[in-house]
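# pasting the structure only:
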């Protein structure tokens, strides 16, 4: 099933909508693992029959596909926005801010993405998209090195992993209803990442 058909609107049982099914599915996948979650687990958590569940989605695989598209699509949109900036320094700052924004706004979906093991075609395709994103960020780091924003003696790939290791760790502690402002968080991560990488 394509992403476009996966995202089409479907009617279902009154009292539940497709967003509820996706949300609960992602919660369960993150709590007990995608492979360990059965359709029965989903229907039990929602309190619906299998036929009612299938009014909203075709399978648990479709829930995974929709959730991963939400996460990856957000990161790719952030990259597109970053690429429109005039300098490498601004592009790198933009993608760091954008990635933090996606993570805080779509935390469950990004958490699911970060925990993929590549056990299905859907997961393998998502991991390949994530690798392409990582390579594009590494290219931005190299460009920023050429402009003097990032130390030239650092390996661009390692620097990218360190930056996104810090960003990705946010999924473990950030809470939407917590005291941390997501916009301020982006600026704080930006300051720590780039100030620590500046030439001396």
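Thanks, I have the structure now. These numbers come from a predicted model, not from an experiment.
# for this protein, what spans make up the helices?
Ranges of helices in the chain, per DSSP state H, are 3-6, 18-32, 39-46, 50-53, 60-83, 88-105, 107-114, 121-146, 156-168, 182-195.
# so what's the residue nearest to residue 182 when sequence neighbours are not counted up against?
Residue nearest to residue 182 in three dimensions, not counting chain neighbours: residue 104, with 3.9 Å by C-beta to C-beta, 6 or more residues apart in numbering. (Glycine included, C-beta is placed from N, CA and C.) Residue 104 makes contact with 170, 174, 176, 182, 185 under the criterion C-beta atoms under 8 Å, 6 or more residues apart in numbering.
# Could you measure from the second one over to residue 119?
Think residue 174. Shown here: residue 174 relative to residue 119, a distance of 27 Å by C-beta to C-beta, to the nearest Å.
# Which of those two has more residues huddled nearby?
Neighbours per residue, other C-beta atoms under 10 Å: of residue 174 and residue 119, the larger number sits with residue 174, 15 against 11.
# which residues touch that one?
The contact partners of residue 174, taken as C-beta under 8 Å, 6+ apart, are 103, 104, 107, 180, 182, 185.
# Make a ChimeraX selection of whichever of the residues you listed turn out to be buried.
Remark: buried members of the contacts of residue 174, expressed as a ChimeraX selection using 16 or more other C-beta atoms under 10 Å:
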select :103,104,107,182,185
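# Mind putting the contacts of residue 174 into TSV with distance to residue 152 and pLDDT?
TSV is the format used below for the contacts of residue 174 (distance: C-beta to C-beta, whole Å; pLDDT from 0 to 100):
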residue	distance to residue 152	pLDDT
103	29	96
104	32	95
107	35	96
180	33	92
182	32	91
185	29	94
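# between the contacts of residue 174, which is nearest residue 162?
Set against residue 162, the nearest of those by C-beta to C-beta is residue 103 (16.2 Å).
# where are the low-confidence patches of this protein?
Within the chain, the stretches with pLDDT under 70 are 1-15, 197-198, 200.
# Quickly note the distance from residue 105 to residue 74.
Residue 105 sits at a distance of 7 Å from residue 74 (criterion: C-beta to C-beta).
# Also residue 111?
Applying C-beta to C-beta, the value for residue 111 to residue 74 is 13 Å.
# again, but for residue 168
Taking C-beta to C-beta, one finds residue 168 at 14 Å from residue 74.
# swap in residue 95?
12 Å.
# Next: residue 65.
15 Å.
# neighbour count winner among these two?
Taking other C-beta under 10 Å, residue 65 and residue 74 do not tie; residue 65 has more neighbours (25 against 20).
# ok, that one touching residue 122?
Yes: in this structure residue 65 lies within contact range of residue 122 using C-beta atoms under 8 Å: 5.3 Å.
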